[in-house]
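J.: only the shape, not the letters, is given here:
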């Protein structure tokens, strides 16, 4: 039954236009990252060694991988949040939430199936965008005439590269669950999308401000989601290589951040809190009236 429900969920996604728009948007973002932030910046850097080095590390493999994952995590979180809010809240406007519950689907099962569908669509979309970004990196590297190697000093092995991708995906998860929470509580696509966008932007600004403050600021910063996301992403760095990023935050620096394991633990706590609130609110919601499902 669960497989049948999940198949129906994926069928609904395939019939909608938003996922395709978001995928194309991510492809466009990968192109901007590689060709504008990397290749074009390298071409226009003149003899500025530091600018040249950062630009090269943005599009030349293997250094392009952490650069793509850094930008991809930030914007992928926004895109996944938008997709999540839309997939959840649209069910309320269609009135299908109440119908699913009335026909025998448990509330927990409904949310789990919805999460499963979102996870599959988001994972495939993000991996496709990463693949396009790596293809652009290969083309840009070839155009620049630089050697391509996955055996550069400090470069990742194939298993390490997979772990780097998993880390970036793990750092997207809490933002998707926050959008899921907002959409379930508000039964509104607008609230879910606006909430996740404002949260990420405002949080980036707050963390940047806290970095320059003393007193209780470092303690407060240590418990913020974005700060711990940066800690996990810092583990993806290849040596001391710097790169250009499209993320609206500083490039993660392991020397200034908690350990990746501590960051992962804090992220897990955020995820559990978001999930617990979502399930609690949904289980207590009145589904017998029109307000409960439409």
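T.: Looks like it came in fine. In this text the structure is predicted, and so the values were computed from the model without any measurement. Numbering: from 1, shown residues only.
J.: show me what contacts residue 38?
T.: Residues in contact with residue 38 (Cβ atoms under 8 Å, 6 or more residues apart in numbering) are 55, 56, 58, 59, 60, 64, 67, 137, 140, 244. (Glycine included, C-beta is placed from N, CA and C.)
J.: which among those count as buried?
T.: Buried members of the contacts of residue 38, counted by 16 or more other Cβ atoms under 10 Å: 55, 56, 58, 59, 60, 64, 67, 137, 140, 244.
J.: pLDDT below threshold where in this structure?
T.: Per-residue confidence for the chain (pLDDT under 70) gives these ranges: 1, 147-154, 287-294.
J.: returning to what we had before: tell me which of the contacts of residue 38 fall in helices.
T.: Mapping the contacts of residue 38 onto helices (DSSP state H) picks out 55, 56, 58, 59, 64, 67, 137, 140.
J.: re earlier: dump the contacts of residue 38 to CSV, plus distance to residue 206.
T.: What follows is the contacts of residue 38, written out as CSV (distance: Cβ to Cβ, whole Å):
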residue, distance to residue 206
55, 30
56, 32
58, 27
59, 31
60, 34
64, 30
67, 25
137, 33
140, 35
244, 24
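J.: closest one of those residues to residue 276?
T.: For the contacts of residue 38, the closest approach to residue 276 (Cβ to Cβ) belongs to residue 67, at 35.0 Å.
J.: in TSV: the ones in helices among the contacts of residue 38, plus distance to residue 262.
T.: What follows is the ones in helices among the contacts of residue 38, written out as TSV (distance: Cβ to Cβ, whole Å):
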residue	distance to residue 262
55	32
56	32
58	28
59	32
64	28
67	24
137	31
140	35
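J.: if we ignore the residues flanking it in sequence, what's nearest residue 221?
T.: Leaving aside its chain neighbours, residue 221 sits nearest to residue 210 (4.2 Å; criterion: Cβ to Cβ, 6 or more residues apart in numbering).
J.: give the contact list for the one you found.
T.: Taking Cβ under 8 Å, 6+ apart as the contact definition, residue 210 lies against 217, 218, 220, 221, 224.
J.: can you name the element that comes right after the helix or strand where residue 126 lies?
T.: Assigned by DSSP states H and E, residue 126 belongs to helix 107-144. Scanning forward in sequence from helix 107-144 by DSSP H and E, the next helix or strand is helix 158-186.
J.: give the buried residues for that following helix.
T.: Buried residues in helix 158-186, counted by 16+ other Cβ under 10 Å: 161, 164-165, 167-186.
J.: do stretch 40-48 as well
T.: The neighbour-count check on stretch 40-48 (16+ other Cβ under 10 Å) flags 41, 42, 45 as buried.
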